[in-house]
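In: can you look at this prediction? I've put the sequence above it.
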There are 2 protein chains.
Amino acid sequence: MENKLSFQSIVEEEITIVEDRMRDQAYDYHPDLQAALDHLINSGGKRIRPNITLLAGKMLHGDTQSLITLSAAIELLHTATLVHDDLIDGSLLRRGIATLNAKWSPAATVLTGDFLFAKAANLAAEVCSIPVMKLFANTLSTIVNGEIEQLFTDRCNPDLDQYYRRIYAKTASLFETSSLAAAMIANSDIKAQEALQKYGYQLGLAFQIVDDIFDFTAEQDQLGKPVGGDLRQGLITLPSLLYFEQNPDNTWVKDFFKYKCNPSSSFIDPLIEEIRISDTIKQSLEIANSHVQKSIEALSIFPNTIYTEGLESMALYVTERKS
Amino acid sequence: MENKLSFQSIVEEEITIVEDRMRDQAYDYHPDLQAALDHLINSGGKRIRPNITLLAGKMLHGDTQSLITLSAAIELLHTATLVHDDLIDGSLLRRGIATLNAKWSPAATVLTGDFLFAKAANLAAEVCSIPVMKLFANTLSTIVNGEIEQLFTDRCNPDLDQYYRRIYAKTASLFETSSLAAAMIANSDIKAQEALQKYGYQLGLAFQIVDDIFDFTAEQDQLGKPVGGDLRQGLITLPSLLYFEQNPDNTWVKDFFKYKCNPSSSFIDPLIEEIRISDTIKQSLEIANSHVQKSIEALSIFPNTIYTEGLESMALYVTERKS
């Protein structure tokens, strides 16, 4: 709770306005669409990305209204990608709450995602900055291309570069945009922009690695899906990647690759259990922590303000959080 | 063919460059994505929207490179909405060519549409005009909201206002943006902007009405689907709307509403045949022509150049075309 207080309390008021701005996007549209957006906003999340934007932007004396608009755009974009993701994966729960596709037809779910993309673009355009708009559109391309790669490329490839490319596209790209766009809004010099880009980039990598660790270490009712869900879908993440490297002769590992990462009940449960209790969880967390350290180092060029402290405490929170 | 020559030849070279710009968007991305984009671009269409943008923009001495970029953005946005549309409708053919969803999984189709939205936004941002970017994002909201309305609202309502709202969202909004954004790029005064907005708006209404007429009058092999496909899906368009108004006591009309627009084989074929041979086809075409006339009238404030003539001839083409 201490960390929650130390960064979330700093821009708490602004975050409430960000959520209101998100909700307002369905105003004047079909009531079912309003209900869907309310449901998505209420099923929450930690609003990490808006917190990054607001803290970084206020550290650099950026205009608060523009930062709020940008934060709402970024969080809506994030929400839109989740809506299409859950549909594609057939996920029925997210954060323990029913996904949109669990309640609605695929058609309605596709269109709601499209609507959120459109509204995210509307908000991003309202910031009235061409560089921000370009960055925003590029980030959407990166995220979607990452998902397409995941769909079309042979997943059964325990390759660290491929893993990093995937988590960059999936998570770090939008973290990076959250901090870099804040610096752009504040008309910061290139050095400040680069430092904040690095902060978001490194923090995004850490965040996704920790999520990938949770997929092994959390309990089923926390995850809302079976433990080791990634590996059950044939998806190799950092803990399994390290385990495979260090245990090439393990019989379950051999089975896993023999069946081209198509898990079978005969070996997937024991393999997941092995990884859960192995050192690779700790090793993965150390790697995540090294990214957190790099993100904090990037802040060293900025004067020490309450916002700089907030960014630091948020970085620490990423590996200390429990879900 | 005469009309084709008189407007398509004027900006023919630029249209080729627009298509190349569209194709380039998948450069450096996954080969399957490149193949999908090639397939979509080759399955073509008449490039009406880019023609509007280029003719209007050049009439107003707008920068050719910006007009090409904008045209590619608009046509990609149009393509993206078609990809998701075909998926939602389960359409397997468009213009007689296999749709993406006929060949690919729903997941790949959703993501390809998302990728095209992203790339359309990239191109729109490259135009470096905040008003154009806002217009572009608003248009996407309008299009998607129109589809959502169509999904959620009771379709079984022969209401002219509802019909016009739907065809505005579906078609006229992007036509309007094609001409208005061209005027914005050319830094035209508000009078010129309003005139071109009206041109695109009226032409878009005419275009969709003619499409809705074709759905009744074309042959099955031209449409690539059964004649009267809209009504078979319970969708009321202008010809059926007029027919229902003028023949409230027709036994098949009564059946149609008795079954809440859910067509049954016992009455749908004869009803479609009745509409096909009725006066309401001619009446609908007259209404389309009146919109074409309004679009041509809007051009009267501009000096007579080859581009103004191109816009006029394109407007005439919309109701004279055969598919």
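Out: Arrived safely, thanks for sending.
In: for residue A:116, give me its contacts.
Out: Residue A:116 is in contact with A:25, A:37, A:40, A:76-77, A:79-80, A:83, counting by C-beta atoms under 8 Å, 6 or more residues apart in numbering or on different chains. Where you see a C-beta, it was placed from the backbone N, CA and C, and this is true even at glycine.
In: so how far is stretch A:81-98 from its chain's centroid?
Out: 14 Å (C-alpha atoms, centre = their mean, to the nearest Å).
In: just the endpoints, please. Distance across that stretch?
Out: Start to finish, the residues bounding stretch A:81-98 are 16 Å apart (C-alpha to C-alpha, to the nearest Å).
In: wait, residue A:109 touches residue A:102, no?
Out: No. Look at residue A:109 against residue A:102 with C-beta atoms under 8 Å: they stay out of range, at 9.4 Å.
In: comparing those two, which shows the higher neighbour count?
Out: residue A:109 (23 against 15; other C-beta atoms under 10 Å in any protein chain shown).
In: which strands and helices lie in contact with the helix or strand encompassing residue A:54?
Out: In this structure, residue A:54 sits in helix A:48-59 according to DSSP states H and E. Under the contact definition 3 or more C-beta pairs under 8 Å, 6 or more residues apart in numbering or on different chains; DSSP states H and E, helix A:48-59 sits against helix A:12-24, helix A:64-89, helix A:173-185, helix A:190-217, helix A:306-320.
In: could you dump those helices into TSV and include distance to chain B and mean neighbour count?
Out: Output for these, formatted as TSV (distance: least, C-beta to the nearest C-beta, whole Å; neighbours: other C-beta atoms under 10 Å in any protein chain shown):
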stretch	distance to chain B	mean neighbour count
helix A:12-24	13	17
helix A:64-89	4	23
helix A:173-185	12	27
helix A:190-217	18	22
helix A:306-320	27	20
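In: which one of these lies nearest to residue B:288?
Out: Closest to residue B:288 of those, according to C-beta to C-beta: helix A:64-89, at 35.9 Å.
In: quick check: angle from that closest one to helix A:48-59?
Out: Here helix A:64-89 runs at an angle of 160 degrees relative to helix A:48-59 (axes from the mean of the first three to the mean of the last three C-alpha atoms, to 10 degrees).
In: can you give me the offset of helix A:64-89 from its chain's centre?
Out: With C-alpha atoms, centre = their mean, you get 11 Å for helix A:64-89.
In: show me what contacts residue A:39?
Out: So residue A:39 contacts residue A:100 (C-beta under 8 Å, 6+ apart).
In: distance check, it against residue B:99.
Out: Taking C-beta to C-beta, to the nearest Å as the measure, residue A:39 falls 31 Å from residue B:99.
In: still on that earlier bit, could I get the helices and strands packed on helix A:48-59 as JSON lines with mean pLDDT?
Out: Formatted as JSON lines, the helices and strands packed on helix A:48-59 follow (pLDDT from 0 to 100):
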{"stretch": "helix A:12-24", "mean pLDDT": "95"}
{"stretch": "helix A:64-89", "mean pLDDT": "93"}
{"stretch": "helix A:173-185", "mean pLDDT": "98"}
{"stretch": "helix A:190-217", "mean pLDDT": "97"}
{"stretch": "helix A:306-320", "mean pLDDT": "94"}
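In: now distance to residue A:255 too, for those helices, in a markdown table please.
Out: Converted to a markdown table, the helices and strands packed on helix A:48-59 look like this (distance: least, C-beta to C-beta, whole Å):
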| stretch | distance to residue A:255 |
| --- | --- |
| helix A:12-24 | 46 |
| helix A:64-89 | 24 |
| helix A:173-185 | 35 |
| helix A:190-217 | 18 |
| helix A:306-320 | 32 |
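In: tell me which helix or strand of chain A sits lowest on mean pLDDT?
Out: helix A:2-3 (a mean of 46; mean pLDDT, DSSP states H and E).
In: so which of the helices and strands packed on helix A:48-59 is nearest residue B:258?
Out: Here helix A:64-89 is closest among the helices and strands packed on helix A:48-59 (C-beta to C-beta), at 35.9 Å.
In: secondary structure element for residue A:123?
Out: Per DSSP H and E: helix A:106-126 holds residue A:123.
In: can you check residue A:225 too?
Out: Using DSSP H and E, no helix or strand contains residue A:225.
In: tally of neighbours for it?
Out: 19.
In: you'd agree it is up against residue A:91?
Out: Yes. Residue A:225 is in contact with residue A:91 according to C-beta under 8 Å; the separation is 7.4 Å.
In: mutual contacts of these two, please.
Out: In contact with both residue A:225 and residue A:91: no residue, using C-beta under 8 Å, 6+ apart.
In: burial count for residue A:115?
Out: As a measure of burial, residue A:115 has 27 neighbours, counting by other C-beta under 10 Å.
In: test my guess that it contacts residue A:34.
Out: No. Counting by C-beta under 8 Å, residue A:34 is not a contact partner of residue A:115; they are 10.9 Å apart.
In: which residues do the two both contact?
Out: Common neighbours of residue A:115 and residue A:34 (C-beta under 8 Å, 6+ apart) are residue A:26.
In: still on that earlier bit, any idea of the mean pLDDT for the helix holding residue A:54?
Out: The average pLDDT within helix A:48-59 is 97.
In: tell me which residues are up against that helix.
Out: Residues contacting helix A:48-59 (C-beta under 8 Å, 6+ apart): A:7-8, A:10-11, A:14-15, A:18, A:64, A:66-68, A:70-72, A:74-75, A:78, A:174-175, A:178-179, A:181-183, A:185-186, A:196, A:199-200, A:203, A:207, A:302, A:305, A:307-308, A:310-311, A:314, A:318.
In: and the angle for it with helix A:306-320?
Out: Using the same axes, to 10 degrees, helix A:48-59 lies at 160 degrees relative to helix A:306-320.
In: angle of helix A:48-59 against helix A:12-24?
Out: Using the same axes, to 10 degrees: helix A:48-59 against helix A:12-24 is 130 degrees.
In: near chain B, which residues of the stretch 101-250 of chain A are found?
Out: Contacts of the stretch 101-250 of chain A with chain B, taken as C-beta under 8 Å from any C-beta of the partner chain, map to A:105-108, A:110-115, A:117-119, A:121-122, A:124-126, A:128, A:130, A:133-134, A:136-138, A:140-141, A:143-145, A:147-149, A:151-153.
In: please list only the buried members of the residues you listed.
Out: A:107-108, A:110-115, A:117-119, A:121-122, A:124-126, A:130, A:133-134, A:136-138, A:140-141, A:143-145, A:147-149, A:151 (16 or more other C-beta atoms under 10 Å in any protein chain shown).
In: quick one: residue A:136 and residue A:177 touch, right?
Out: Yes. In this structure, residue A:136 is within contact of residue A:177 by C-beta under 8 Å, at 6.8 Å.
In: quickly list what's touching both of the two.
Out: With C-beta under 8 Å, 6+ apart, residue A:136 and residue A:177 have common neighbours residue A:74.
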